[in-house]
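[1] Next comes the sequence, and after it the predicted model I'd like to discuss.
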Amino acid sequence: MQLTKFNALLDLELRAADPLCVIAAAYLAYFVRFDTFSMSSVYAVALIILLLMTLAASIVFKVYEQPLGERPVSQYLCIAASWTSAFAGMIALGYLLKVGELYSRGWVSLTFVLGLALMASVRLVAVLSLRYLHHRGIGMKRCLLIGATEAGIHMVRQVEDNLGLGMKITAYVKTSHDHGVPPGVPLAGSLLHLDEILDRGEWDQVLVALPVSANRAISYVLDRMDERVLTVKFVPDLLGRQLINHRMEDCAGVPLVTLRESPLHGHAWILKAIEDRIIAGAILLMISPLMLFLAIGVKLSSPGPVLYRQVRVGLDGKEFEMLKFRSMPVDMEKNKSVQWGGAQSKTTTRFGRFIRQTSLDELPQFINVLRGDMSIVGPRPERPMFVEKFKGEIAGYMHKHLVKAGITGWAQINGWRGDTDLVKRIEYDLYYINHWSLAFDLRIIFLTIFKGFIHSEANTSAPLPAGPSMPAATTATEETG
């Protein structure tokens, strides 16, 4: 969303205030620790490095990209994550250079606490000031909504809930494509009287919320706009469709609207690949003794191979062989039909039940990550027969294959795993794809440590989409997770 002039000024003030907060925190901590503001050159170098780390972290965590005033708690969490990462980077650099003993732990700790408090305080003051001014109409763009379609009514709600957008819909124009009445917005008149309505001069911009099929009505509105100096924005009525990373771009002079696209292209694809290989390689090195112990446990629990290989569907709908530690006796699937879910009825070995409940059976999938079949973070993959079943029953189901399947994901850390509502799981998967960033991946990996391992498989009442069921025979699969 493009910033208004007013919000752009506040954005610049924040970008300038954050480095000042870092400097103030470092000097205040120095004064408390050493009773002087005259900082030594050793500490001054640390401060410069911290400033550079803070700048880099703010870019990675996209600290300034979210409009001020929208979801303030998320903004505070974002600045906390960015500041913590910057500090961790500075401490790690000090450790590698073996200069950590030159600095007081008290100064380091106090600088961290004061810096976080100052940056949070600056944002709190900015948000409160912005709300105060916006409630009085200062810095707000007055908008006229043309069309109370589903998209138009949805737009009204979003603008009301997000004052940081700097917009206020003060009236709407009735059309033949309306689906209702926007709450709290007065009627300015009908589309046939648009000229008279616009002549009032009460609005800064016009929001055209008409379906793309209403070409005559859209042309009529644009003709009226040609005679006036007004910002015009189109709100297409596409709420019935899943839009993935949609945007407007220029293609050799031709305007091109992307409605659905993977977020992982260009540099993003390279960053994601590097992230996966580095983290997967490091984790495999760290857990190799545990992997050996688990392999022995599987081998002793029942005869057969250590690893269980199963075909799953991943990126671009292509199949790959996913690895797990075997938790069931060999040939459990032989001559037996399969069905989605049914975790309670699965026949597992004693050791197999333990590694399933603690997700330790998933550890070999880090090998899949190194191979390039999977990612550490992404939607969980399903078997081909379930993909065929669900793609016609759940809206947007196939869009999860715009990215690589993952070991953990946004749905999993929010509790949507195993035998849970698949529709909700897809909603969380699509949210992840729409909001992907390197910082979001790191956040999910961090939260997986606390939320993503131990889970119960007792929930067998999860709702499934309506439609023909798979053959209801003995459940002998490891498809959920």
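    The structure has been received and is ready for your questions.

[2] after the helix or strand hosting residue 427 comes which helix or strand?
    Using DSSP states H and E, residue 427 maps to helix 422-434. Once helix 422-434 ends, the next helix or strand along the chain (criterion: DSSP H and E) is helix 438-451.

[3] Residue 15 and residue 55 touch, don't they?
    No: using Cβ atoms under 8 Å, residue 15 makes no contact with residue 55, being 9.5 Å away. C-betas here are computed from N, CA, C, even on glycine.

[4] which SS class is residue 206?
    Secondary structure assignment for residue 206 (DSSP: H, G, I helix; E, B strand; the rest coil): strand.

[5] So the closest residue to residue 284 other than its chain neighbours: helix, strand or coil?
    Once flanking residues are discounted, residue 284 sits nearest to residue 366: 5.1 Å by Cβ to Cβ, 6 or more residues apart in numbering. Put simply, residue 366 is helix when judged by three-state DSSP.

[6] and residue 366, what does it touch?
    For residue 366, the contacting residues are 280, 283-284, 287, 376, 407, by Cβ atoms under 8 Å, 6 or more residues apart in numbering.

[7] how about 10 Å then?
    For residue 366, the contact set (Cβ atoms under 10 Å, 6 or more residues apart in numbering) comprises 276, 279-284, 287, 291, 323, 374, 376, 407.

[8] pLDDT averaged over the longest helix along the chain, what's the number?
    Using DSSP state H, we find that the single longest helix of the chain is helix 267-301. If you average the pLDDT over helix 267-301, you get 92.

[9] Please apply the same query to stretch 361-379.
    Mean predicted confidence for stretch 361-379 is 95.

[10] Surely residue 137 and residue 168 touch.
    Yes: counting by Cβ atoms under 10 Å, residue 137 does reach residue 168; the two are 7.2 Å apart.

[11] Tell me which helix or strand residue 16 sits in.
    Using DSSP H and E, residue 16 falls within helix 5-34.

[12] by contact count, what packs against that helix?
    Using 3 or more Cβ pairs under 10 Å, 6 or more residues apart in numbering; DSSP states H and E, the elements in contact with helix 5-34 are helix 41-60, helix 72-96, helix 105-135.

[13] Apply 7 Å and report the result again.
    Contacts defined by 3 or more Cβ pairs under 7 Å, 6 or more residues apart in numbering; DSSP states H and E place helix 5-34 against helix 41-60, helix 105-135.

[14] what's the distance between the last one and the middle of its chain?
    The reference is to helix 105-135. 24 Å (Cα atoms, centre = their mean, to the nearest Å).

[15] So for that helix, mean pLDDT?
    Mean predicted confidence for helix 105-135 is 90.

[16] Pull out the buried positions in it.
    For helix 105-135, the neighbour count (16 or more other Cβ atoms under 10 Å) marks 107-108, 110-112, 114-116, 118-120, 122-123, 126-127, 130, 133-134 as buried.

[17] Show me the strands paired with the helix or strand of the chain with the lowest mean pLDDT, marking each as parallel or antiparallel.
    Least confident helix or strand of the chain, by mean pLDDT, DSSP states H and E, is strand 247-251 with a mean of 76. Applying DSSP bridges to the sheet, strand 247-251 is found paired with strand 254-258 (antiparallel).

[18] Show me what the mean pLDDT comes to for the helix holding residue 427.
    91.

[19] could you dump that helix to CSV, C-alpha only?
    Output of helix 422-434 as CSV, limited to C-alpha atoms (Å, rounded to 0.1, in the frame of the first residue of the first chain):
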residue,chain,number,x,y,z
LEU,A,422,-7.9,-29.5,6.5
VAL,A,423,-9.8,-26.4,5.3
LYS,A,424,-8.2,-24.3,8.2
ARG,A,425,-4.8,-25.8,7.5
ILE,A,426,-5.0,-24.7,3.9
GLU,A,427,-6.0,-21.2,5.0
TYR,A,428,-2.9,-21.0,7.1
ASP,A,429,-0.8,-22.4,4.3
LEU,A,430,-2.0,-19.8,1.9
TYR,A,431,-1.4,-17.0,4.5
TYR,A,432,2.2,-18.2,4.7
ILE,A,433,2.6,-18.1,0.9
ASN,A,434,1.0,-14.7,0.7
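
[20] quick one, it and helix 438-451 angle?
    Here helix 422-434 runs at an angle of 140 degrees relative to helix 438-451 (axes from the mean of the first three to the mean of the last three Cα atoms, to 10 degrees).

[21] related to what we said a few turns ago, okay, buried residues for the helix holding residue 16 please.
    Neighbour counts over helix 5-34 (16+ other Cβ under 10 Å) mark 6-7, 10-11, 14, 17-18, 21-23, 25-30, 33 as buried.

[22] Also stretch 263-279?
    263-264, 272, 275-276, 279.

[23] CA atoms only: put that stretch into CSV for me.
    Coordinates of each C-alpha in stretch 263-279 appear next as CSV, following Å, rounded to 0.1, in the frame of the first residue of the first chain:
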residue,chain,number,x,y,z
PRO,A,263,6.6,-15.6,-3.9
LEU,A,264,9.8,-17.6,-4.5
HIS,A,265,11.3,-16.3,-7.7
GLY,A,266,14.4,-14.2,-8.5
HIS,A,267,16.5,-13.4,-5.4
ALA,A,268,13.8,-14.8,-3.1
TRP,A,269,14.3,-18.3,-4.6
ILE,A,270,18.1,-18.0,-4.0
LEU,A,271,17.6,-16.8,-0.4
LYS,A,272,15.2,-19.6,0.4
ALA,A,273,17.5,-22.2,-1.1
ILE,A,274,20.5,-20.9,0.8
GLU,A,275,18.5,-20.8,4.0
ASP,A,276,17.3,-24.4,3.6
ARG,A,277,20.7,-25.9,2.8
ILE,A,278,22.6,-24.1,5.6
ILE,A,279,20.0,-24.8,8.3
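
[24] So residue 137 and residue 168 - more neighbours on which side?
    residue 168 (17 against 10; other Cβ atoms under 10 Å).

[25] Contacts only, for that one.
    140, 142-143, 159 (Cβ atoms under 7 Å, 6 or more residues apart in numbering).

[26] for residue 30, what are its contacts?
    Residues near residue 30 by Cβ under 7 Å, 6+ apart: 37, 39, 43, 107.

[27] close enough to count as contact, the last one and residue 33?
    Yes: judged on Cβ atoms under 7 Å, residue 107 makes contact with residue 33 at a distance of 4.7 Å.

[28] rewinding a little: redo the helices and strands packed on helix 5-34 as CSV? Include distance to residue 413.
    Compiled in CSV, these are given as follows (distance: least, Cβ to Cβ, whole Å):
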stretch, distance to residue 413
helix 41-60, 20
helix 105-135, 24
